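Asker: I would like to see how this sequence folds:
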Amino acid sequence: MISALVFYIQANSQNLVPNPSFEVLKACPTDEGQVSLASPWQSSLSPDLYNSCATSLTYSVPSNRSCNYLPAQDGNGYMGMWCYFTREMLFTRLLDTLKPGRQYYARFYVATDDDCPSLAQTFSDGIGMGVKGTGPNDNFNIVAENQNGVLYDTSGWTKISGCFRAKGNESVIQIGNFKNNDETILVSNDTVFPLSQQANYLFVDNLLIAPFDPFPDTVLMCNGQPVSLNASFYDATIKWNTGDTTQVYQAVDTGTYIVNATIDGCTFTEKVTIINLDMNGFNPPDTTFCQGDNILLSPGIEGEYLWSNGATTKQLKIESSGVYEATIKNICGEFQFKQKAEAEDCRCRVYVPNIFTPNDDGINDLLQPYLDCDYTYEILHFEVYNRWGGRVWSSPAALAPWDGNLHGRRAPIDTYVWYLTYDIIEAGKRRSIIEKGDVSLIR
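Answerer: I've put the predicted structure just below:
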């Protein structure tokens with residue numbers, strides 16, 4: 001029974017950074033270095049937490065550090081850290097490990113602190129975001145780093161973004177200055193201390209790492225009904241291979257659709273193949289297989305499976321006759337699969353005389369097998385043994401008959417055992433069969 005006809009595929013835009021704007025707090029900040037109040041964030045040295053709930057103006061929002069007035073880019077809080085001379089870092093575990101080869105978008109916002117008029121003002125360009133695995137030899141891959149020169153804005157936020165394909169197994173994110181002093185640009189109006197002895201302080205907020213993996217490789221069109229594909233991805237510009245530029249594309253035909261999402265100079269590409277699933281009157285034909293063999297039954301469609309024997313796999317291996325049923329649930333609804341399978345005796349009918357009279361009278365002088373078969377077959381060899389297990393005759397696939405002689409002499413009157421080996425060939429699959437019997441040689 002079909003319970004749904006039209007379905008809607010939503011792009012995956014999950015932010016993998018936990019507590020990305022430092023809004024979830026154990027308590028309001030009251031002193032410097034209280035990063036741990038914004039769990040699960042941790043730090044090297046002592047970055048500072050700022051939030052509008054703080055009673056001290058030093059760690060409040062928007063007023064902080066005596067001379068700053070900076071509203072949060074998102075929510076009510078942000079972090080601050082030293083990024084030159086003294087170097088502080090923020091880090092935490094991502095909500096999910098990055099998948100190898102998958103496309104990701106990385107982004108965060110940064111602002112410069114506004115020093116009091118009586119103090120020297122410093123500015124720098126050094127801030128970035130990196131990801132890495134948890135192995136002892138894993139290094140940070142810088143996925144978003146400021147490339148636009150020295151950061152001067154003290155009253156607003158600058159977006160830093162980037163895109164990358166994951167190597168796989170990255171699970172830690174870190175924010176800070178990944179450049180050394182020689183690589184970092186520092187600008188200062190301080191006339192007392194040299195640049196090498198000065199420091200620079202930056203604020204960060206609203207961190208993001210999100211996968212662009214909007215659709216599975218294949219989606220189902222239910223009985224020809226349209227499929228809505230939602231490729232919206234933050235502020236990205238969308239373009240489909242059909243020329244359409246809407247975020248939600250209404251697919252009315254089967255086939256492969258490709259979407260490009262462009263954001264901050266990054267272009268993500270994804271494709272999806274739509275196939276039609278006609279669930280009306282689905283009635284697979286009965287099937288047969290050879291006794292002793294096994295076959296796989298499967299409707300060949302995506303969904304959650306429950307077979308009558310309790311199995312939940314998409315394919316069911318069977319070895320005996322019976323009627324096999326499965327309940328399948330997918331985006332198109334729920335329906336029943338039922339198929340009858342019959343195990344057949346696939347052996348050929350083999351005829352070998354039980355009496356053999358090689359006396360040159362022209363009647364029953366030669367011993368050879370005769371096959372009557374419903375399948376394509378190939379004889380491999382025919383052999384005859386005496387009562388002590390000694391082989392007295394062996395014929396290749398060409399099936400030369402035995403004339404009753406052994407090493408150029410007449411074989412003695414006795415009862416012999418024969419073996420016939422042949423292959424049944426069905427649907428390109430070979431199945432070897434060995435038949436045996438006995439024959440009396442008389443003269």
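Asker: leaving out the residues flanking it, which one is nearest to S43?
Answerer: Leaving aside its chain neighbours, S43 sits nearest to V35 (4.3 Å; criterion: CB to CB, 6 or more residues apart in numbering). C-beta: built from backbone N, CA, C; applies to glycine.
Asker: what's the pLDDT at that neighbour?
Answerer: The confidence metric pLDDT takes the value 96 at V35.
Asker: ditto for the one 10 residues further on
Answerer: At L45, the model reports a pLDDT of 88.
Asker: once you drop chain neighbours, what's closest to it?
Answerer: E88 (4.4 Å).
Asker: do the same with T184
Answerer: T184 sits nearest to G126 (CB to CB, 6+ apart), 3.9 Å away.
Asker: which stretches of the stretch 301-443 of the chain have low pLDDT?
Answerer: Low-confidence regions of the stretch 301-443 of the chain, defined by pLDDT under 70, span residues 397-398, 427.
Asker: got the contact list for the residue nearest to S43?
Answerer: Listed by CB atoms under 8 Å, 6 or more residues apart in numbering, the contact partners of V35 are 41-43, 46-49, 79, 90.
Asker: I318 too?
Answerer: With contacts defined as CB under 8 Å, 6+ apart, the neighbours of I318 are 294-297, 324, 341.
Asker: quick revisit: surely the residue nearest to L45 touches G176?
Answerer: Yes. Using CB atoms under 8 Å, E88 is in contact with G176, at 6.5 Å.
Asker: give the buried residues for stretch 184-198.
Answerer: Applying a neighbour-count criterion of 16 or more other CB atoms under 10 Å, one finds 184, 186-188, 195, 198 buried in stretch 184-198.
Asker: and the residue most central in space within the chain, what does it touch?
Answerer: The chain has K99 as the residue nearest its centroid, 8.0 Å off, counting by CA atoms, centre = their mean. Residues near K99 by CB under 8 Å, 6+ apart: 166, 168, 211, 213.
Asker: my guess is W41 contacts M81. True?
Answerer: No. Applying CB under 8 Å as the test, W41 and M81 come out as separate, 11.4 Å apart.
Asker: between the two, which contacts overlap?
Answerer: Counting by CB under 8 Å, 6+ apart, the common neighbours of W41 and M81 are L90.
Asker: contact partners for the closest residue to T267 other than its chain neighbours?
Answerer: Nearest residue to T267 in three dimensions, chain neighbours excluded: N260, at 5.6 Å (CB to CB, 6+ apart). By CB under 8 Å, 6+ apart, N260 lies in contact with 238-240, 267-269.
Asker: show me the strands in the stretch 51-200 of the chain, by range?
Answerer: Assigned by DSSP state E, counting those that start in this stretch, the strands in the stretch 51-200 of the chain fall at 63-64, 68-69, 77-84, 86-87, 89-93, 103-112, 122-124, 128-132, 141-145, 158-165, 172-176, 186-188, 200-212.
Asker: buried stuff in stretch 381-396?
Answerer: Per 16+ other CB under 10 Å, stretch 381-396 contains these buried residues: 382-386, 392-393, 395.
Asker: out of those, which sit inside strands?
Answerer: Counting by DSSP state E, the buried residues of stretch 381-396 place 382-385, 392-393, 395 in strands.
Asker: farthest pair within the residues you listed?
Answerer: Greatest spatial distance among those (CB to CB): Y385 and S395, at 13.0 Å.
Asker: low-confidence stretches in the stretch 51-200 of the chain?
Answerer: 117-118.
Asker: if you set the cut-off to 90 instead, what comes out?
Answerer: Low-confidence regions of the stretch 51-200 of the chain, defined by pLDDT under 90, span residues 56-57, 65-68, 85-86, 114-121, 134-138, 181-182, 188-199.
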